[in-house]
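K.L.:
compute the structure for the input listed below.
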Amino acid sequence: MSEESSGALGSRAWQAVQLARHPKRPHSLDYIQKIFTEFEEVHGDRAFGDDAAIVCGFAFLDGKPVMVVAEQKGRDTKQKLFRNFGMPKPEGYRKAIRVMQMAAKFKRPVITLLDTPGAYPGIDAEERGQAEAIARNLREMARLPVPVICVCIGEGGSGGALALGVGNHVFMMENAVYSVISPESCAAIIWRDSAKAELAASALRLTAGDLVGLGIVDGVISEPPEGAHTDPEAAARSLKDRLRQSLSELAAMTDDELVQHRYEKFRRMGTFVK
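P.N.:
Model prediction:
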């Protein structure tokens, strides 16, 4: 690949990163308000506390009951601090899986919205078992006997997003990004220079188009031409239409078929040679 081509790819990937982080981009609660009705939030993990970085609750989509689990960033400084900049702690993931298990009990499909730079890396989170909480979510989501639909609406950062990302269908908004590490952190590790984040963004293959091509996600949800922040209503309509379609497809599967479908989907990832 020529240096010019590499630069163009880097620019496109970096542009997606910037759009995914745009301060006016719709967040999870914006989509919940526009897509669902009768949303009733559930709080707490029944062990330590309530993590405001993850919002969970009962809701209806076109009159059909669903369970929504979403990562929420703040808009202004006060909200960002309250939501911990969208970085969940262990109690957030434990709340999420508690709610998903409730969904399984009451036979409600689970819809998760991913939007986090990553799980909170603080000492208090590590002391309360951050890695164990994420690992447990991965295991429990894999065997939920209900449809699970995951949508990356902004930033999908590492295990912080993947902990809510084990679904039968996994989608990305057109300008969302989903990666094992942020471009800045990747550049700091590989080149010892975080200023090379744009180059790292290209190397990470983190755009929606990249990840569809790699078989990591199942589809891209279109946004307005200049990004979701320019017309949140249109972005919400696109997301709602895809959720309707996905729920309709998964409704035909039995409980066992849903679990097997999820298992086979994730086992195929990373296999490029038959």
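
K.L.:
where does pLDDT dip in the protein?
P.N.:
1-10, 272-274 (pLDDT under 70).

K.L.:
and what about the residue nearest to the spatial centre of it, helix, strand or coil?
P.N.:
The C-alpha lying nearest the average C-alpha coordinate of the chain belongs to residue 114 (Cα atoms, centre = their mean; 2.0 Å). Put simply, residue 114 is strand when judged by DSSP: H, G, I helix; E, B strand; the rest coil.

K.L.:
who is it paired with across the strands?
P.N.:
residue 152 (DSSP bridges).

K.L.:
what residues are up against it?
P.N.:
Residue 114 sits next to 71, 150-154, 156, 161, 164-165, 178 when contact means Cβ atoms under 8 Å, 6 or more residues apart in numbering. For glycine as for every other residue, the C-beta is placed from the backbone atoms N, C-alpha and C.

K.L.:
let's see that with 6 Å instead.
P.N.:
71, 152, 156, 161, 164-165 (Cβ atoms under 6 Å, 6 or more residues apart in numbering).

K.L.:
got a ChimeraX select line for the buried ones in these?
P.N.:
Of these, the buried ones can be selected in ChimeraX as follows, counting by 16 or more other Cβ atoms under 10 Å:
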select :71,152,156,161,164,165
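
K.L.:
related to what we said a few turns ago, distance check, the residue nearest to the centre of the chain against residue 177.
P.N.:
Residue 114 is 11 Å from residue 177, where distance means Cβ to Cβ, to the nearest Å.

K.L.:
for stretch 199-211, buried residues please.
P.N.:
Buried residues in stretch 199-211, counting neighbours by 16+ other Cβ under 10 Å, are found at 199-208, 210-211.

K.L.:
now the residues you listed in a markdown table, with distance to residue 134 and secondary structure?
P.N.:
Shown next, in a markdown table, are the buried residues of stretch 199-211 (distance: Cβ to Cβ, whole Å; DSSP: H, G, I helix; E, B strand; the rest coil):
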| residue | distance to residue 134 | secondary structure |
| --- | --- | --- |
| 199 | 29 | helix |
| 200 | 23 | helix |
| 201 | 24 | helix |
| 202 | 27 | helix |
| 203 | 25 | helix |
| 204 | 20 | helix |
| 205 | 22 | coil |
| 206 | 19 | coil |
| 207 | 24 | strand |
| 208 | 23 | helix |
| 210 | 24 | helix |
| 211 | 20 | helix |
